[in-house]
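1. after the sequence you'll find the predicted model.
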Protein chains: 2
Amino acid sequence: MTRAQAAALDARDPLAPCRARFALPEGGAIYLDGNSLGMLPRATPERLRTVVEGEWGQGLIGSWTSAGWMDLPVRVAARIAPLIGAEPHEVMVADSTSVNLFKLAAAAVKARRPRRVILSEPGNFPTDLYVLQELAALIPGLELRTVAADEIEGALGEEVALLLLTHVHYRTGAVHDMARLSAAARRAGAISLWDLSHSAGALDLDLRGAGADLAVGCGYKYLNGGPGAPSFLYVAERLQAELSNPVAGWMGHAAPFAFEDGYRPCGSMRRWLAGTPPILGLAALEEGVRTFEGVSMAEVRAKSMRLSELFLDEVEARLPGVFARACPRDPARRGSQVSLAHPDGYAIVQALIAEGVTGDFREPDVLRFGFAPLYTRYVDVIDAVDRLAEVMAQGRWREPAFALRKVVT
Amino acid sequence: MTRAQAAALDARDPLAPCRARFALPEGGAIYLDGNSLGMLPRATPERLRTVVEGEWGQGLIGSWTSAGWMDLPVRVAARIAPLIGAEPHEVMVADSTSVNLFKLAAAAVKARRPRRVILSEPGNFPTDLYVLQELAALIPGLELRTVAADEIEGALGEEVALLLLTHVHYRTGAVHDMARLSAAARRAGAISLWDLSHSAGALDLDLRGAGADLAVGCGYKYLNGGPGAPSFLYVAERLQAELSNPVAGWMGHAAPFAFEDGYRPCGSMRRWLAGTPPILGLAALEEGVRTFEGVSMAEVRAKSMRLSELFLDEVEARLPGVFARACPRDPARRGSQVSLAHPDGYAIVQALIAEGVTGDFREPDVLRFGFAPLYTRYVDVIDAVDRLAEVMAQGRWREPAFALRKVVT
């Protein structure tokens, strides 16, 4: 595809106006890492100024009521719900993704006693496995079992309390069939818990339609909530009365200001709050989620597939045999990313960043390029592959400075 | 004491210059609620602008290294350490106080198996009891036992794994003897865990000297980190190898970017991180803690006692018999607050807020006034008691508008 053809696609892209909702980095750099940290929404700095200088600085403690801080987690959750195919009363915003995984996994295991097995797959995003491994070490008798993706259904025996899977794999971008696996878990009497970190805000999710039981997701990737933004969690309505938060803080109590000694969980999703809500992070996340206002998630997903498909087509056409493909070829089975494998992947990513195209690297050899449909253009894809081709042709990635592995999220 | 005498105290107060480090609310309101939400440091808005518009907006994902985000929890922890009598390598900043309580309590219980009792006192800050109660419900055989303060030492039997106490009681301001109770717990083979939410930044803490094993504390009260700021936790050096984080996220792994399937906790306090650190909250907390730069905690504590003593003296002198004292009379046994009981406490606090003096109310009948030594002046204390006397004399608190209980933190 020529750049002019790509520009024509941009011109008739219904999502093109969304790009103006973001503060673009100066110098025209191309950012294909919104799957790691979403870009800054244009409205966020002013919102934070209001929260910090007005609500905190002037309103002080009174802002918990007068500025609506108490209800901020609920308001942000209600904005996230339509993006994931949930009802507002099934979502809450709190803590980090890791902590929310722990809360939901522990609650599910407790509810399904005496079942004693948690099922997941090897190579899942590490935090998911770490949370489960140490949860199993905390509760005597509990066991984490990992089986390959195609063995999951067969492994859903009567000992299994919980099936935890990541919907879109962080490294390969492979998409699990949420409806099929949720149904299999349910048939087996287990609870399904989905990590949506690489799905929410990029795929057209339908948690209710898919029959998912539980889910968690990330606020700082496609939802544009800023570095370390609070996370969201989902509990299907039918399970809400049965499950309660094992990390029981005062904010999840039915009457937090009664200061009772005994824990009585709130009847609503507020029970999944633990400590005092992080107001700065929540306000930034609200602005992040507001970048989706008026947007159809079906259009987001359609553009996401077209962007990644265009990138992969161009790489295969212009750099044949240079990279091994490390993601599914079928865009419907692929998240909003392209993963390429190369033994010198780390150095190539660094050299490409120096050329103004940001992707990222994942061990052991994966170059990962994410496509955030709200701000990534078709011309960005063409330009990015141009620069990748230049980097490979000139061998710039062989310079010693690019070989030195640093910590990159 | 006359207002002129109070002004003279302010004139020779070595901490008086610290007040300029804060953005004072307009209109000259008197804020005696820094024990609930600390005031906004003057440096915080600019710091957040830099983090949001520069580091996030321009630096994007690269800021995890180039802007030092990866080490921000460690840097803020190192700033908190001297305020609590700890070494920098014994402190970490992460999550909320509730979540940190859960992490440390669960780790302690796991390390002390087969001991099966957690000891605390009734009327403790509810979140502490809720966390313990639901932890006990999660782990079969574990039991939460609460006994009155003067029965704690006798109850430290050989079944006790953990003693959790709040150092300064949120409602009464009563201070526990940390050294004595930590030693008693240790003699009994139990681990001591101290909630410092109402101590850190107001009292002259010496965790190492007192032999405390574990502690958590709040970032948004006397540390001025903003609403819902991240919390800190302390693990005494001698226990660090023995205890590991049961909420095991990727950021606590020895090599977070190796993306290994198995959890290997980091050798340092980083093991107490779970998910991705909340950068906006951490940056605001760093500015909050920086308001203590160059300040002697002994002077902070000395002023804290003088302020609360002056308030109590004035109330007793000018409003004899109106309130029951709900805090210790000895300033050395009292935190940085005064608690007064009155059956119409809620309405009185509301009327007083309307007169420009912010304190808060705690069920069932306590008016609570906190004194943050960095920005509270002696004249503020005199003025506050003046207005309290006016409110009581005029009976303004009897107006119906003040009787309607609202949610107030």
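-> Perfect, thanks for sending it.
2. now do stretch A:356-376: distance to the chain's middle.
-> 14 Å (Cα atoms, centre = their mean, to the nearest Å).
3. got the buried residues for it?
-> For stretch A:356-376, the neighbour count (16 or more other Cβ atoms under 10 Å in any protein chain shown) marks A:357-362, A:365-376 as buried. Yep, even glycine has a C-beta here, placed from its N, CA and C like the rest.
4. could you see whether chain B lies near the strand ranked longest in chain A?
-> Using DSSP state E to assign secondary structure, the strand with the most residues in chain A is strand A:160-166. No: Strand A:160-166 stays clear of chain B (Cβ under 8 Å from any Cβ of the partner chain), getting no nearer than 12.6 Å.
5. tell me who's in contact with the closest residue to chain B within the stretch 101-250 of chain A.
-> Taking Cβ to the nearest Cβ, chain B has its nearest neighbour within the stretch 101-250 of chain A at residue A:249, 3.1 Å off. Residue A:249 sits next to A:273-275, B:96-99, B:127, B:130-131 when contact means Cβ atoms under 8 Å, 6 or more residues apart in numbering or on different chains.
6. before we move on, the earlier item: give the other helices and strands that the longest strand of chain A contacts.
-> helix A:97-111, strand A:117-120, helix A:126-138, helix A:178-187, strand A:191-195 (3 or more Cβ pairs under 8 Å, 6 or more residues apart in numbering or on different chains; DSSP states H and E).
7. can you list the strands that it pairs with?
-> Strands that pair with strand A:160-166, judged by DSSP bridges, come out as strand A:117-120 (parallel), strand A:191-195 (parallel).
8. and residue A:341, backbone torsions?
-> phi -110, psi 140 (degrees, to the nearest 10).
9. any idea of the pLDDT on it?
-> Listed pLDDT for residue A:341 reads 98.
10. got it, and residue A:407?
-> So residue A:407 comes in at 50 (pLDDT).
11. domains for chain A, by residue range?
-> Following automatic domain parsing, chain A resolves into domains at A:3-40+A:296-403, A:45-290.
12. so how far is stretch A:123-143 from its chain's centroid?
-> 20 Å.
13. then stretch A:8-17?
-> 25 Å.
14. quick one: residue A:122 and residue A:145 touch, right?
-> No: with contact defined as Cβ atoms under 8 Å, residue A:122 does not count as touching residue A:145 (10.3 Å).
15. JSON lines for the helices and strands packed on strand A:160-166, including mean pLDDT and mean neighbour count?
-> Below are the helices and strands packed on strand A:160-166 laid out as JSON lines (pLDDT from 0 to 100; neighbours: other Cβ atoms under 10 Å in any protein chain shown):
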{"stretch": "helix A:97-111", "mean pLDDT": "98", "mean neighbour count": "26"}
{"stretch": "strand A:117-120", "mean pLDDT": "98", "mean neighbour count": "25"}
{"stretch": "helix A:126-138", "mean pLDDT": "96", "mean neighbour count": "24"}
{"stretch": "helix A:178-187", "mean pLDDT": "98", "mean neighbour count": "18"}
{"stretch": "strand A:191-195", "mean pLDDT": "98", "mean neighbour count": "28"}
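16. let's have the ones you listed in CSV, adding distance to residue B:78.
-> Below are those laid out as CSV (distance: least, Cβ to Cβ, whole Å):
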stretch, distance to residue B:78
helix A:97-111, 23
strand A:117-120, 36
helix A:126-138, 25
helix A:178-187, 44
strand A:191-195, 33
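17. so for residue A:204, which of those sits nearest?
-> helix A:178-187 (11.6 Å; Cβ to Cβ).
18. got the angle for the closest one vs strand A:160-166?
-> In terms of direction (axes from the mean of the first three to the mean of the last three Cα atoms, to 10 degrees), helix A:178-187 departs from strand A:160-166 by 170 degrees.
19. what residues does helix A:178-187 touch?
-> Applying Cβ under 8 Å, 6+ apart, the contact partners of helix A:178-187 are A:152-153, A:156, A:160, A:163, A:165, A:167, A:191-192, A:194, A:207, A:209-213.
20. redo that, cut-off 10 Å
-> Where contact means Cβ atoms under 10 Å, 6 or more residues apart in numbering or on different chains, the residues beyond helix A:178-187 that reach it are A:85, A:119, A:149, A:152-156, A:160, A:162-165, A:167, A:176-177, A:190-194, A:196, A:199, A:203, A:205-207, A:209-215, A:236.
21. re the thing from before, just say which of the domains of chain A is most tucked in.
-> Mean neighbours per residue, mean count of other Cβ atoms under 10 Å in any protein chain shown, is largest over the domains of chain A for domain A:45-290, with a mean of 22.
22. could you look up the SS state of whichever residue of the stretch 151-300 of chain A sits closest to chain B?
-> Going by Cβ to the nearest Cβ, chain B is nearest to residue A:275 of the stretch 151-300 of chain A, at 2.7 Å. What DSSP: H, G, I helix; E, B strand; the rest coil gives for residue A:275 is coil.
23. residue contacts, it?
-> Residues in contact with residue A:275 (Cβ under 10 Å, 6+ apart) are A:94-95, A:247, A:249-252, B:95-102, B:127, B:131, B:218, B:228, B:230-231.
24. how about a cut-off of 8 Å?
-> A:249-251, B:95-99, B:127, B:228, B:231.
25. near chain B, which residues of the stretch 151-300 of chain A?
-> Counting by Cβ under 8 Å from any Cβ, the stretch 151-300 of chain A sits next to chain B at A:171, A:220, A:226-231, A:244-253, A:256-263, A:274-282, A:284.
26. looking at the residues you listed, which are in helices?
-> A:279-282, A:284 (DSSP state H).
27. mind putting those into JSON lines with pLDDT?
-> Shown next, in JSON lines, are these (pLDDT from 0 to 100):
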{"residue": "A:279", "pLDDT": "98"}
{"residue": "A:280", "pLDDT": "98"}
{"residue": "A:281", "pLDDT": "98"}
{"residue": "A:282", "pLDDT": "98"}
{"residue": "A:284", "pLDDT": "99"}
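28. farthest-apart pair in the residues you listed, please.
-> Using Cβ to Cβ, the pair of these lying farthest apart is A:279 and A:284, separated by 9.7 Å.
29. torsion angles phi and psi at the residue most central in space within chain A?
-> Chain A has residue A:197 as the residue nearest its centroid, 2.0 Å off, counting by Cα atoms, centre = their mean. Here is the backbone geometry of residue A:197 (degrees, to the nearest 10): phi -50, psi -40.
30. for it, which non-adjacent residue is closest in space?
-> Of all residues not flanking residue A:197 in the chain, residue A:218 sits nearest, at 4.0 Å (Cβ to Cβ, 6 or more residues apart in numbering or on different chains).
31. beyond the longest helix seen in chain A, next helix or strand please.
-> In chain A, with assignment by DSSP H, the single longest helix is helix A:297-318. The first helix or strand that comes after helix A:297-318 along the chain, using DSSP states H and E, is strand A:324-325.
32. picking up where we left off before, give me the subset of the buried residues of stretch A:356-376 lying in strands.
-> With DSSP E as the criterion, strands contain A:357-358, A:360-362, A:366-370 from among those.
33. just to revisit the earlier point, nearest to residue B:336, of the contacts of residue A:249?
-> Taking Cβ to Cβ as the measure, residue B:336 lies nearest residue B:97 of the contacts of residue A:249, at 17.7 Å.
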